[in-house]
Structure formats: C-alpha cells, structure tokens
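In: build me a model:
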Amino acid sequence: MKGKTVCPNCKENFVIDLPQDDKKHEITCPNCKYKFSVKTNCDEKTEKECSWEEYGEPRKTILSAIKPKTKKPFIAIVLLIIIFSIGVTTAFFSDTFIESSLDTASVIGFTGEVRLHVTDENNDSLEQVTILLNEEPICHQSNGTYYKDGIEPGVQTIQLSSNNFKTQEVELLVTPFITAESSIKMKEGTGTAEIVRFDNTGCSIILMIFSIFALISMIACMKRQYFDLAVVGSFLAIFSFGFFFVGSILSIITFVLVILSRDEFENGEKGKIF
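Out: This is a model prediction of the structure:
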C-alpha cells in the first residue's frame, strides 16, 4: 500500500510503497539519506519514529445506471403505426391525396409554375405552337421552351396546337415550390391526338417508400436499440405526407419524442455496452 511519511531528520515529506502488515520497515530519506523505521499501521502516540498517512484512495468501480423508462418511446411507436397506416392508405389512393393536398395548398394561396419543351417526332424544337392552360396562353421563350407561373396547384390539362400537327392534350401535375417540367412530342397530321394522362404510379411508389421508413423506425423504438435508425426513420416519415399532411405532422411529433428518448435507447433492457 502507498502512504506518506516524514523524515525525522530533515522533515521531508515523501511517498513510499510498503506491504500492509505489523512489521517495521527500514527506509531511507530520499533527501538527506537518513535511515529510520516505519510501521504501516502505527500510532503516532506510541511510535515516535513513524509518521504515516495513507496516500490516495481505493479504486472505485463505475457501474452503469439503468434509468427508469418513460412513455415517450411507447407514444412514438403508436404514432409511427398510425403514420405507416396513413402513408400506405395514401399510396393506394394517391389520386385523392393529390387532389385534397393541392386543394389545401390552393386555398392557402400557393401557386405553381410550368415549363414545357415542345418538339416534333424528329426531336426538333417547335417555335410556333399555341399552348392554352385554362384558356390562358403559355408564353414562348426560346428553342421550343414555353413557360408560365402563377398556376393553381393540381392536375392541369394543357392543350397544344400548331399547323400541320395534331392537337395534343396533356395532363400535368402542378405543385407549389417546384416547377413542373415536361417534354412534349407533337405528331404530324390533322385532328386530335390521344390525351396524355397524368400517371400517379411514381407518386404512389414514393409515398410507400417513405411509409416504410416509419415502420423501420417503429421497430427500432420497440427494441429501444439503433437510435440513429429510429431518428432517420422518423424524420424521413415526414415525407409520407398523408391526407391533409396529417402524416407529416405526426412524424414531426414522433421525431421530437425519439430525440428526447435518446437515453432510453442507450440504457435499455440490455444495458449500455462498455
């Protein structure tokens, strides 16, 4: 054991390491080289030659503390189940979702933009094309590109006509903040070509993918492991949207709950790994 002692000759304090027993041990002062005896369990009142003080303190073992669980992860699990259900339902009924969401955006006052590039069957740009959207013309810019802003969000039908070409109708999804761009190839001839319908398959797939992230985050919360995965999943679930953006709102709440539950992921049933 280590301890401090004082040289009786020069009063120098120094640390020595001696076995813990009742025997006297002869030591030499490192300062003045004076030799004297020390007993580790001595009493200064009876042992004049000894002044001993234990040096340092016993080594302590630090153990992990298991914190009490809260209801935050459980609430996050319930919300993620709801988010996943809403997201899947929205993906299957994406037409209704698009219509309801964009109607809401329109009521708020959001508008969108359209940019079209019109060519013939040989991919040569067409400059003299009349393009109508809600009976309003879309202006020509250059190199077969046509642009219009301030358009009401939703699936809009655009009509294109030009000499020696068939009249063409195209459905285009207009959304706020993102310019709707499309390349349209007109066919030579007279009459009206078949209308090009808006395909919502891609939208359904995207909504389904983001809904799956909610499911992944839910599994991580149930196990109270993989905190990073739970955070990323709950964040990406925001883009599952849902009718009237209910899924996005619930995902934001869930994201906050997961962040606040960080310690419970680190100190769950299996404990923190040291």
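In: next, the buried residues of the strand or helix carrying residue 182.
Out: Using DSSP states H and E, residue 182 sits in strand 179-185. For strand 179-185, burial by neighbour count (16 or more other C-beta atoms under 10 Å) applies to 180, 184. The C-beta positions use only the backbone N, C-alpha and C, and glycine is treated the same way.
In: A helix includes residue 254, no?
Out: Yes. Assessed with DSSP: H, G, I helix; E, B strand; the rest coil, residue 254 lies in a helix.
In: go through the chain and flag its longest helix.
Out: For the chain, the helix with the greatest residue count under DSSP state H is helix 201-223.
In: need the next SSE after that one, C-terminal direction.
Out: Tracing the chain past helix 201-223, the next element assigned as helix or strand by DSSP H and E is helix 227-236.
In: and the angle for that next one with helix 201-223?
Out: Compare the direction of helix 227-236 with that of helix 201-223 by axes from the mean of the first three to the mean of the last three C-alpha atoms, to 10 degrees and you get 140 degrees.
In: run through the neighbouring helices and strands of helix 227-236.
Out: The contact analysis (3 or more C-beta pairs under 8 Å, 6 or more residues apart in numbering; DSSP states H and E) places helix 227-236 against helix 72-92, helix 201-223, helix 246-260, helix 262-266.
In: hmm, residue 5 is touching residue 12, no?
Out: No. Applying C-beta atoms under 8 Å, one finds residue 5 not in contact with residue 12, separated by 9.3 Å.
In: the more surrounded of the two?
Out: It is residue 5, of residue 5 and residue 12, that has more neighbours when counted by other C-beta atoms under 10 Å, with 23 against 14.
In: quick check on the more buried one: phi, psi?
Out: For residue 5, the backbone dihedrals are phi -140, psi 170 (criterion: degrees, to the nearest 10).
In: pairing partners for it in the sheet, please.
Out: Going by DSSP bridges, residue 5 is paired in beta bridges with residue 14, residue 52.
In: tell me the pLDDT at residue 271?
Out: Looking at residue 271, its pLDDT stands at 42.
In: what about the helices in the stretch 1-150 of the chain?
Out: Taking DSSP state H, counting those that start in this stretch, the helices of the stretch 1-150 of the chain run over residues 72-92, 94-108.
In: with mean pLDDT and mean neighbour count added, can I get those helices in TSV?
Out: Below are the helices of the stretch 1-150 of the chain laid out as TSV (pLDDT from 0 to 100; neighbours: other C-beta atoms under 10 Å):
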stretch	mean pLDDT	mean neighbour count
helix 72-92	91	20
helix 94-108	77	16
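In: and of those, who's closest to residue 238?
Out: Among those, the nearest to residue 238 by C-beta to C-beta is helix 72-92 (9.0 Å).
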